[in-house]
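1. Here's my sequence, what's the structure:
(chains A and B)
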Amino acid sequence: MKIYTSVGEVDEELLEIRQGVEHDGRATVEWTEYYLRSTNEQVRRDVHVNLVGLATQAVQGGVS
Amino acid sequence: MSFKSEALSAQHALGSTVIRNTTNPDTLKGALYLNSATVNGATTTYSAVNEVSGTNYNPGGVPVNNSTNPTTSGSTAYWTPSANLVYSNVTLASQFDCVLLYNSTQNNKAVAVYTFPAQTVNAGTLTLTMPTNDVNNALLRLA
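-> Alright, predicted model coming up:
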């Protein structure tokens, strides 16, 4: 399968995929990074943010 | 109690200055900001200052799917966009850590700010996934 990257479409087998999760008490973020196996250059990074709802009494960023 | 959700739907106009004259829903948008920006509960309108920039990111951000009606459970009104916010095939090389929802129909007035751990995107897709639209998890809750 071809993956769209910063250097064009690349065969998935040529890529190393790294995944991670971050959480700082606000929202959880899941990311996926793609690196060229030949050079270890990062050529793609996708991010999923699981937004957390705001209530007016418990403002994070804030409701205007 | 229905007043809060009705207020979110602009069914009430209190005071002597009524500025609304439409039955059409407003257009909301989601703009991303650098982690060096100060965007918080004191933010009153969308600004391009310290907004992210990069390949395939349009200033002002993306439209918010606004087809879900606000509703009320107990004394809490709540609302969640009816689809995730998706920024496709973007490269955002500088770290960003918040999204501002704002009303582009009403002079870009701010609605809410949502923060998250600082991120970058490289030739990829940023998806802001919406929480469950219920009284305990909805994206916007007026308790």
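
2. Please tell me how far residue B:37 sits from chain A.
-> Distance, residue B:37 to chain A, using Cβ to the nearest Cβ, to the nearest Å: 11 Å. (Each C-beta comes from the backbone N, C-alpha and C, glycine too.)

3. Average pLDDT for stretch B:28-35, rounded please.
-> Here stretch B:28-35 scores 96 as its mean pLDDT.

4. For it, report the contacting residues that lie outside it.
-> The contact list for stretch B:28-35 (Cβ atoms under 8 Å, 6 or more residues apart in numbering or on different chains) reads B:39, B:46, B:50-52, B:57, B:59-64, B:66, B:81, B:85, B:87, B:92, B:94-104, B:111, B:118, B:126, B:128.

5. count of neighbours near residue B:61?
-> 23 (other Cβ atoms under 10 Å in any protein chain shown).

6. cool, and the one 10 residues further on?
-> If you count neighbours by other Cβ under 10 Å, residue B:71 ends up with 18.

7. and what of residue B:136?
-> 12.

8. go on, residue B:139?
-> Neighbours of residue B:139 (other Cβ under 10 Å): 23.

9. and what of residue B:13?
-> Residue B:13 has 11 nearby residues by other Cβ under 10 Å.

10. so what's it closest to, chain neighbours aside?
-> Counting by Cβ to Cβ, 6 or more residues apart in numbering or on different chains, the nearest residue to residue B:13 once its immediate chain neighbours are dropped is residue B:20, at 6.3 Å.

11. Then residue A:28?
-> residue A:50 (4.6 Å).

12. where's that neighbour relative to residue A:12, distance?
-> 26 Å (Cβ to Cβ, to the nearest Å).

13. the more surrounded of those two?
-> More crowded of residue A:50 and residue A:12, by other Cβ under 10 Å: residue A:50, with 17 against 10.

14. Touching, the more buried one and residue A:27? I think so.
-> Yes: counting by Cβ atoms under 8 Å, residue A:50 does reach residue A:27; the two are 5.8 Å apart.

15. Kind regards, and thank you for your time.
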